[in-house]
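In: Generate coordinates for the sequence data below:
(2 chains)
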Number of protein chains: 2
Amino acid sequence: MIEYRNLRIALLGAGSVGAQVASLLLEHGAELSERVGAGLELVGVAVRDLDAPRSAEIPPHLLTTDARSLILGADIVIELMGGLEPAREYLELALNSGADVITANKALLATYGPELFEIAEQVGAQLYYEAAVGGAIPIIRPLRDSLAGDRVLRILGIVNGTTNYILDRMDTEGDSLEEVLADAQRLGYAEADPTADVEGYDAAQKAAILASLAFHTTVPLEAVYREGILAITTEQVAAARKAGFVVKLLAVCERVVDPESGVEGVSARVHPALVPIDHPLAAVHGANNAVFLEAEAAGSLMFYGAGAGGMQTASAVLGDVVSAARRHVIGGPGVAESTQANLPVLPISSVRTRYRITLEVADKPGVLAAIATLFAEHGVSVEAVQQDARPDGASPTATLVIGTHEATEAALAATVSALESTDVVSAVSSVLRVEGL
Amino acid sequence: MIEYRNLRIALLGAGSVGAQVASLLLEHGAELSERVGAGLELVGVAVRDLDAPRSAEIPPHLLTTDARSLILGADIVIELMGGLEPAREYLELALNSGADVITANKALLATYGPELFEIAEQVGAQLYYEAAVGGAIPIIRPLRDSLAGDRVLRILGIVNGTTNYILDRMDTEGDSLEEVLADAQRLGYAEADPTADVEGYDAAQKAAILASLAFHTTVPLEAVYREGILAITTEQVAAARKAGFVVKLLAVCERVVDPESGVEGVSARVHPALVPIDHPLAAVHGANNAVFLEAEAAGSLMFYGAGAGGMQTASAVLGDVVSAARRHVIGGPGVAESTQANLPVLPISSVRTRYRITLEVADKPGVLAAIATLFAEHGVSVEAVQQDARPDGASPTATLVIGTHEATEAALAATVSALESTDVVSAVSSVLRVEGL
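Out: Next comes the predicted model:
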């Protein structure tokens, strides 16, 4: 039963997600209104160009280029423009005018999140962003609310669909990264400029958001260590598979203790990693996303689904619309972000993990002993060594794969540097972190 | 920063979950208080017997047998007693006194949910129950909030850890149900009286809760079709595996259209089902739980984790404590349950699904034709037939496995009844539904 005034919804942006949100709001508005107990009225869609082609039909009278006037007349503002400016300016305007704000803009949140949350708290408005990480997969509310009474220890996330699609194709079809990337661009899974995805920038933004939320700590984007997937070769992926691993681009957020100072803090990093094939994350195929999480009391949890796509992201945005509308009907201010812990954010050198290192070495007696000594000198403990004999037997070099126990990034970096300068090693061909063991 | 009065928390029940919640509240209370911005004070634990042994230490001065006085002095009441009475009476008392209420009591919610939600709405309090389904796996908030803007089409849930443990062991070890059940009882995975689990009552309660939430419709427990796992044999499980399926006890909640009347409604059912081995639910091992969900815009999602256990359930309860406390700090009434859709709840005869039927038949010419005719007469379309020849070749009977296309329960029941009374069939040895294809 509807017993409340109509809530005025303004939409900023009509790209693939925006057009889908507009279309679902117009189509299912009555059903959602019943669900909320208040009419939901899409009062306008701000766009840059009134005549640009859209992926879904929007009634022309709703389109406007005057975003500011639209915002100032709205109860709920949905920002789907992307980019930092003028998105930031518009969201500040919306919050300061008392509107609740919904955004899927991970770059904005990772960069200006603290400022925006601060404004929201001051005016008693709420900022919703379920769509910013994992598309339609509910991640934000589970972390923010369901796990709020627990201590999250670690998150391993596949949070970028494009790179997962690429790595999965390299693994299952044996294609090269260049081939798959070209296909992905043709199919619309990758942008014409794929930098944000393949260099890990998109995943790093999501890692900053997840780590901030999970650890009740402001984790700035600059503090997220980042490596992309461009250096990953088909040979590495095949060798990993043979050894029982899958290569995934992971966002790893965890509580860490700095080995030097003993300081307890948190760390967030994005890089390709080896995941054991029997780990649930190894079964995340195609452009899907998944977040695997370990908490003190809850144990291991996984959330899985389609990570992106206009429809999926629109689902998350509309869930936020319903939450915002329910809050309007009830009244009272929004729930502020909890950053009371504000733990130190530690650099990747504080992180301890396992590694698999592939070396080309001289195939002669004494080499293994020399290399083992070198690892020991740097405090890195070797767990397993595997030597691939050359098929022709005539080659003067052999391939050595060394798996380590947990070691710090700093110790590992020093070891790799020493390996590179020793005579018996002709090349360090691959260094990959192992996660999820 | 704490800027609010202490919130008084009353705990009813100190069984395995209750004792764990008390212990975590006492241990992490300061951290949670900081997170909320208000002190969280456990003011008492109501028990039946002050001297009963507990799984975790509770300071004796907190224990009381006077639940009513404890409730009337509390801001937040956590009910972990289980059972219908006096749990219902105490929760009504708590809600009517204006306290927020947290419960993990699925039997209570499935039976008296609508009445309790109605009281909560009238007094502006909130009833939290994240722990009632799936232990620590966040299911309630994703359904209630994150997916509130979408249309959930179907839920396939493994929501009972005991039966999943039993079926998984039968599948992976080839043990009999009786053997595994005895082991499970010894290990504490199954109760001394395992009826609630193995007969599907526990799963049916959870199905009623999930269906109500997903479809914004009151789905009473009596409307949930229920079959347990006691009739499942090791032979059935082995034959299913050979055919590419795993047997799971599923809670299936879906939108259905009654084939006779054309009425659109919802259905909830619990029964053993064949799940294809490449479906994500097939990989849910041991006592774990998982909820696989299809929504119109979000597509397929899965939530996975440990389903039960004192610690895991305590994690979900404490998440609710933080939510309730944040709401107290903010002020304003709670969000009412959304049952505005109130779709018709249809009986299982309206459901359409696929089946695999195993028959013992006379091994002579014309039998297959006779059986195929019988299926056709009842409007059930056969998708595949497979005949197992007897190893000795001398037996007068053969085993026939028939896979059907989608058919209604009513048509299938009529077919099975006809099969049982025809001469050429000596036994209908197994009828299993197939889900997740």
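In: Which other helices and strands does the helix or strand hosting residue A:403 contact?
Out: In the assignment (DSSP states H and E), residue A:403 maps to strand A:397-404. In terms of contacts (3 or more CB pairs under 8 Å, 6 or more residues apart in numbering or on different chains; DSSP states H and E), strand A:397-404 is packed against strand A:352-362, helix A:367-377, strand A:382-388, strand A:425-434. C-beta here means a position set from N, CA and C on the backbone, and glycine is covered the same way.
In: The shortest one to strand A:397-404, inter-axis angle?
Out: The reference is to strand A:382-388. 160 degrees (axes from the mean of the first three to the mean of the last three CA atoms, to 10 degrees).
In: For strand A:382-388, which strands pair with it and how are they oriented?
Out: strand A:397-404 (antiparallel) (DSSP bridges).
In: residues in contact with the strand it pairs with?
Out: Strand A:397-404 is contacted by residues A:239, A:243, A:354-363, A:368, A:371, A:375, A:380-390, A:412, A:426, A:429, A:434 when judged by CB atoms under 8 Å, 6 or more residues apart in numbering or on different chains.
In: What are the structural domain limits within chain A?
Out: A:7-136+A:311-330, A:140-306, A:351-434 (automatic domain parsing).
In: got TSV for those, with distance to residue B:265, mean neighbour count and mean pLDDT too?
Out: Listed next are the domains of chain A as TSV, based on distance: least, CB to CB, whole Å; neighbours: other CB atoms under 10 Å in any protein chain shown; pLDDT from 0 to 100:
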stretch	distance to residue B:265	mean neighbour count	mean pLDDT
domain A:7-136+A:311-330	16	21	93
domain A:140-306	26	21	94
domain A:351-434	50	16	88
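In: Can you check which of those domains gets nearest to residue B:176?
Out: domain A:140-306 (26.8 Å; CB to CB).
In: next one: the closest one to chain centre, how far?
Out: Centroid displacement of domain A:140-306 relative to its chain, using CA atoms, centre = their mean, to the nearest Å, is 6 Å.
In: Which residue, neighbours along the chain excluded, lies closest to the residue of the stretch 101-250 of chain A found nearest chain B?
Out: Taking CB to the nearest CB, chain B has its nearest neighbour within the stretch 101-250 of chain A at residue A:149, 2.4 Å off. Leaving aside its chain neighbours, residue A:149 sits nearest to residue B:318 (2.4 Å; criterion: CB to CB, 6 or more residues apart in numbering or on different chains).
In: residues touching that neighbour, list them.
Out: With contact taken as CB under 8 Å, 6+ apart, residue B:318 is in contact with A:148, A:149, A:150, A:297, B:21, B:24, B:25, B:28, B:32.
In: Looking at those residues, which is nearest residue A:267?
Out: Of the contacts of residue B:318, the one sitting nearest to residue A:267 (CB to CB) turns out to be residue A:150, at 19.2 Å.
In: May I ask which helix or strand encompasses that closest one?
Out: Using DSSP H and E, residue A:150 is not contained in any helix or strand.
In: tell me the secondary structure for the residue in the stretch 251-400 of chain A that chain B sits nearest to?
Out: Closest contact between the stretch 251-400 of chain A and chain B, by CB to the nearest CB, is at residue A:318 (2.4 Å). Here residue A:318 is recorded as helix under DSSP: H, G, I helix; E, B strand; the rest coil.
In: Go through the domains of chain A and name the closest to residue A:341.
Out: Set against residue A:341 and scored by CB to CB, the domains of chain A come closest in domain A:140-306, at 3.9 Å.
In: Endpoints of the closest one, how far apart?
Out: End-to-end distance of domain A:140-306 (CA to CA, to the nearest Å): 15 Å.
In: same question, stretch A:142-155
Out: By CA to CA, the extent of stretch A:142-155 from end to end equals 13 Å.
In: ok, back up a step: can you list the domains of chain A in a markdown table and add distance to residue B:258?
Out: Shown next, in a markdown table, are those (distance: least, CB to CB, whole Å):
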| stretch | distance to residue B:258 |
| --- | --- |
| domain A:7-136+A:311-330 | 21 |
| domain A:140-306 | 30 |
| domain A:351-434 | 53 |
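In: Flag every residue of the stretch 51-200 of chain A that's near chain B.
Out: Contact residues (CB under 8 Å from any CB of the partner chain) of the stretch 51-200 of chain A with chain B: A:130, A:135-138, A:140-142, A:145-151.
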